[in-house]
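Novice: what's the 3D shape of this:
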Amino acid sequence: MRLRRRMNLGALLVLAAISLQAQIGQTPAPAAGHAPGDSNGQTQAPGGNAAPGNAAQGGEQSQEQEQNANGGDDERVSVPLTLDMNGATLDFSQEASRRNYLQGGMSVSASYDSNVLSSSAPTTGGFTYSFLPNLRLQIGRKRLAWELSYAGGYVVNQKFSAADQFFHNALFDLSYRLSPHVTLTVNDRFSRIPQLENQLPGAATTSGVGAIPQPNQTAVVDALALNQQNTATGQLTYQYSASDIVGVGVTSYLTLFEVPTSQVNTLLDSHSTEINGFYNHRLTPRNWAGLSYSLTRLSVSPGPETFESHSFLVLYTIYLNSRMQAAFFAGPEYSTLHTDIITTVDTPPTVSVTATPFTDQHWSATGGGSFSWRTDRTSLNASASRKISDGGGLVGVVELISGSLGVRRQISRFSTLEVTVLYGDNSSLDQGTTNFTKFDSITGNLMWTQELGLGFSLQAGFARQYQKEQMQSAPAVDINHNRGWFTIGYNFGKALGR
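Specialist: This is a model prediction of the structure:
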């Protein structure tokens with residue numbers, strides 16, 4: 001009887017939607033990734049499927065929703081997955097669709113790194129201890145959705161007291177429907193985190209792979225270094241028909257490194273700015289195709305190296321069902337590298353150093369893809385790409401071939417297991433900036449979380465990092481890290497109403 005009532009209610013909703021469509025011709029477009037829907041935050045994805053995970057549904061779908069997921073039409077148009085800054089989350093479906101919710105907590109962690117100084121040999125291990133309060137607020141209205149989160153704390157290093165410091169991680173995300181067909185999205189992520197603490201809950205930054213530029217996360221650098229990043233994106237989209245959307249956006253990221261005063265800072269900072277425009281068209285209820293153009297400028301300091309590129313990409317997105325989607329991008333890229341060639345002449349008793357400006361222009365191919373699957377108890381993200389990027393602090397501009405895989409599974413009512421793998425192949429485009437010519441890295445994380453009740457939880461994790469560094473004037477070296485951590489935390493959550 002209850003199922004029949006739900007089916008009847010679903011049929012009435014579908015009929016109402018069809019009637020409304022006949023009156024206004026089309027439905028307003030959602031914001032990128034998680035646009036505001038109705039008053040309870042429900043959204044719909046392209047391809048005619050309601051976003052899963054609404055608490056009132058308990059993870060079930062009505063007959064009409066299943067029919068929509070198998071090919072029904074929907075007038076809502078979304079930004080392509082490869083241009084979505086929030087596409088790499090491992091939230092479960094009910095977590096991703098949550099609105100009007102307040103979360104917070106406090107955690108205490110102890111972690112160990114087998115190679116704190118990131119040296120090939122000999123290695124030095126050490127413990128760190130951290131205290132991490134966190135707070136997250138999610139608000140959803142008919143035209144407005146925004147999220148604000150902050151995690152910050154203090155880390156104490158057992159052997160290197162000069163590395164004791166505060167660290168922060170903050171996110172602000174806003175989507176506002178300016179008119180029925182125009183949506184503004186603003187996103188800013190800021191982090192100031194010691195390398196050693198990147199695995200801790202609430203402290204790690206999202207590592208996504210897509211057409212939008214993001215800091216290179218594949219490099220393994222000095223664990224005592226402080227990594228400060230700020231990535232800001234603004235995007236304006238206009239849905240001018242039931243199956244067409246255009247948009248423009250600006251993305252900027254800044255990466256800075258700090259080391260204790262007792263060490264010499266050999267890491268390179270980077271700053272990137274991209275302006276892009278795109279067009280996306282629905283070919284069928286499940287298949288979307290589009291075009292994108294972007295202009296990127298990347299600079300590295302200290303040093304004279306700057307990089308400019310123009311890329312023309314073909315976009316393709318397929319919604320396999322209501323919980324699964326795949327996206328691809330590919331196209332040519334024309335780039336210009338400006339740098340100085342340093343020449344040193346040693347003629348005792350004098351040494352002369354000259355800098356000669358050098359410009360290199362060439363065409364290259366860029367491309368990649370991503371896959372996302374999200375259910376009430378399982379979430380998976382996989383991605384790969386080939387593009388120009390910063391060198392993660394070790395080198396200047398690089399050609400980056402990267403891949404990532406993340407799987408999160410609720411193995412019981414109170415236990416969750418998460419596995420992530422990140423791979424990077426970095427080839428320097430300017431070997432005059434540093435001694436590095438190439439480095440390959442792979443990082444694997446395994447994290448288990450156990451809920452204890454009354455808001456308390458335990459978490460244990462292990463990370464393995466390997467990096468092979470090739471240099472111009474020295475033999476290749478291997479850098480290895482084994483990291484483990486244990487966390488006890490208290491968390492609370494409170495619904496704020498509709």
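
Novice: Could you use CA atoms for every contact and neighbour count after this?
Specialist: Fine.

Novice: In the protein, where is pLDDT below threshold?
Specialist: Across the chain, residues meeting the criterion (pLDDT under 70) sit at 1-78, 84-88, 195-211, 261-264, 340-347, 349-356, 431-435, 498.

Novice: can you give me the helices for it?
Specialist: Assigned helices in the chain, in chain order: 2-24, 63-69, 93-96 (criterion: DSSP state H).

Novice: what comes up buried for the last one?
Specialist: In this case it means helix 93-96. Within helix 93-96, the residues scored as buried using 16 or more other C-alpha atoms under 10 Å are Ser93, Gln94, Ala96.

Novice: Ser457: which of the residues you listed is nearest?
Specialist: Proximity to Ser457 was ranked across those by C-alpha to C-alpha; first place goes to Gln94, at 19.7 Å.

Novice: surely that closest one meets Asp376?
Specialist: Yes: in this structure, Gln94 is within contact of Asp376 by C-alpha atoms under 8 Å, at 6.1 Å.

Novice: For the stretch 51-200 of the chain, which segments count as strands?
Specialist: According to DSSP state E, counting those that start in this stretch, the stretch 51-200 of the chain carries its strands in the segments 101-113, 126-140, 144-157, 165-179, 182-194.

Novice: could I get the ones you listed as a markdown table with distance to Asn480?
Specialist: Output for these, formatted as a markdown table (distance: least, C-alpha to C-alpha, whole Å):
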| stretch | distance to Asn480 |
| --- | --- |
| strand 101-113 | 10 |
| strand 126-140 | 14 |
| strand 144-157 | 20 |
| strand 165-179 | 24 |
| strand 182-194 | 18 |
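
Novice: Go through those strands and pick out the most buried.
Specialist: Neighbour counts (mean count of other C-alpha atoms under 10 Å) averaged over each of the strands of the stretch 51-200 of the chain peak at strand 182-194, with a mean of 21.

Novice: and that strand with strand 165-179, angle?
Specialist: Counting by axes from the mean of the first three to the mean of the last three C-alpha atoms, to 10 degrees, strand 182-194 lies at 180 degrees to strand 165-179.

Novice: in its sheet, what does strand 182-194 sit against?
Specialist: Here strand 182-194 has these sheet partners by DSSP bridges: strand 165-179 (antiparallel), strand 226-241 (antiparallel).

Novice: So what touches that strand?
Specialist: With contact meaning C-alpha atoms under 8 Å, 6 or more residues apart in numbering, strand 182-194 is reached by 28-32, 167-178, 203, 205, 223-239.

Novice: again, only using 7 Å
Specialist: 31-32, 167-178, 223-239 (C-alpha atoms under 7 Å, 6 or more residues apart in numbering).

Novice: roughly how far is it from the heart of the chain?
Specialist: Averaging C-alpha coordinates over strand 182-194 and over its chain gives two centres that are 10 Å apart (C-alpha atoms, centre = their mean, to the nearest Å).

Novice: tell me the angle of it relative to strand 144-157?
Specialist: Strand 182-194 runs at 10 degrees relative to strand 144-157, counting by the same axes, to 10 degrees.

Novice: what sits against the nearest residue to Gly444 once chain neighbours are set aside?
Specialist: Taking C-alpha to C-alpha, 6 or more residues apart in numbering, and ignoring the residues beside it in sequence, Gly444 has Val421 as its nearest neighbour in space, at 4.5 Å. Contacts here follow C-alpha under 7 Å, 6+ apart; on that basis Val421 touches Ser404, Leu405, Gly406, Thr443, Gly444, Asn445.

Novice: Who wins on neighbours among the residues you listed?
Specialist: Each of those was scored for neighbours by other C-alpha atoms under 10 Å, and Ser404 scores highest at 23 neighbours.

Novice: quick one, what contacts that residue?
Specialist: Ala382, Ser383, Ala384, Val421, Leu422, Tyr423.

Novice: Now do the fourth one against Ser402, distance only.
Specialist: Read it as Val421. When C-alpha to C-alpha, to the nearest Å is the yardstick, Val421 and Ser402 sit 11 Å from each other.

Novice: Tell me where the stretch 201-350 of the chain has strands.
Specialist: Shown for the stretch 201-350 of the chain, the strands assigned by DSSP E, counting those that start in this stretch span residues 226-241, 244-258, 269-282, 287-301, 306-321, 324-347, 350-374.

Novice: Tabulate the CA atom coordinates of the first one in CSV.
Specialist: In this case it means strand 226-241. The C-alpha trace of strand 226-241 is given here as CSV (Å, rounded to 0.1, in the frame of the first residue of the first chain):
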residue,chain,number,x,y,z
LEU,A,226,54.1,24.0,4.7
ASN,A,227,52.0,24.0,1.6
GLN,A,228,49.6,26.9,1.1
GLN,A,229,47.1,26.8,-1.7
ASN,A,230,44.2,28.9,-2.8
THR,A,231,42.0,27.9,-5.8
ALA,A,232,39.2,30.3,-6.8
THR,A,233,36.6,29.7,-9.6
GLY,A,234,33.8,31.9,-10.9
GLN,A,235,31.4,30.6,-13.5
LEU,A,236,28.4,32.1,-15.3
THR,A,237,26.1,29.8,-17.3
TYR,A,238,23.1,30.5,-19.5
GLN,A,239,20.7,27.9,-20.7
TYR,A,240,19.1,29.4,-23.8
SER,A,241,17.1,26.3,-24.8
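
Novice: Pull the distance from that strand to the chain's centre.
Specialist: Using C-alpha atoms, centre = their mean, the mean C-alpha position of strand 226-241 is found 12 Å from that of the whole chain.

Novice: Same question for that strand: list its buried residues.
Specialist: Neighbour-count burial for strand 226-241 flags 226-239, 241 (criterion: 16+ other C-alpha under 10 Å).

Novice: mind listing what's buried in stretch 462-481?
Specialist: Neighbour-count burial for stretch 462-481, with 16+ other C-alpha under 10 Å as criterion, is recorded at 462-470, 478-481.

Novice: what does that stretch contact?
Specialist: Taking contacts as C-alpha under 7 Å, 6+ apart, the residues outside stretch 462-481 that touch it are 113-115, 118-120, 220, 435-447, 482-485.

Novice: just curious, which of the contacts of Ser404 is nearest to Pro332?
Specialist: Of all the contacts of Ser404, the one with the least separation from Pro332 (C-alpha to C-alpha) is Ala384, at 16.9 Å.

Novice: Out of the buried residues of stretch 462-481, name the ones that lie in strands.
Specialist: 462-470, 478-481 (DSSP state E).

Novice: Identify the farthest-apart pair in the residues you listed.
Specialist: For those, the farthest-apart pair by C-alpha to C-alpha is Phe462 and Gln470; their separation is 26.9 Å.
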